[in-house]
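J.: coords below, sequence missing:
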């Protein structure tokens, strides 16, 4: 199984979501977007300058791709079973997400869009509705992932969302909806490959 996380817009939560999915599904993680992943996901992360496609069906890989559509990124996207496109609801992110989907959909298999931090961006209800409608028009599977401290904590602590709730019942109760949303994303990824 090969899963790519990509968006030409930066700051959408690609790396955090890629880490959580990779670790929760016990997959290797390859990134060309330098980060601290090696410090929190020991012996399972490879940071590379130039991406290559690993043609080993026995090795499951999550790719955390930078924001640029270079030829090595295109090859990984073509080879991936699923491409997850994290985004937020700010206007620039919506525009770049739509463009990203339009650029890659002709050569990618399944595309999933994940809207991150939704509660923090619902100040304007009409803007929220319009942005969601624009994303739905793309005809891709769409998930909403509300704002939760579990996401940034995963990068600080090296524990995924599911690991955090398994060690702290209070956290599990207070984040029930967020956890269900995340588990729905994991389920879609697993059934789509």
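T.: Thanks, I have it. Everything numeric here is computed off the predicted structure, so don't read it as measured data. Numbers count the residues shown, from 1 in each chain.

J.: who's in contact with the closest residue to residue 23 other than its chain neighbours?
T.: Closest residue to residue 23 apart from its sequence neighbours, by C-beta to C-beta, 6 or more residues apart in numbering: residue 160 at 4.8 Å. Every C-beta, even on glycine, is put in place using the N, C-alpha and C of the backbone. Residue 160 sits next to 19, 20, 23, 24, 154 when contact means C-beta atoms under 8 Å, 6 or more residues apart in numbering.

J.: what about the residue nearest to residue 109 when sequence neighbours are not counted, how many neighbours?
T.: Leaving aside its sequence neighbours, residue 109 sits nearest to residue 81 (C-beta to C-beta, 6+ apart; 5.7 Å). Using other C-beta atoms under 10 Å, residue 81 has 15 neighbouring residues.

J.: which residues does residue 81 contact?
T.: By C-beta under 8 Å, 6+ apart, the residues touching residue 81 are 1, 2, 3, 109, 110, 192, 193.

J.: Tell me if residue 78 really is in a helix.
T.: Yes. Under DSSP: H, G, I helix; E, B strand; the rest coil, residue 78 falls within a helix.

J.: Distance of the closest residue to it other than its chain neighbours relative to residue 83?
T.: Closest residue in space to residue 78, ignoring its immediate chain neighbours: residue 107 at 4.9 Å, by C-beta to C-beta, 6+ apart. According to C-beta to C-beta, to the nearest Å, residue 107 and residue 83 sit 10 Å apart.
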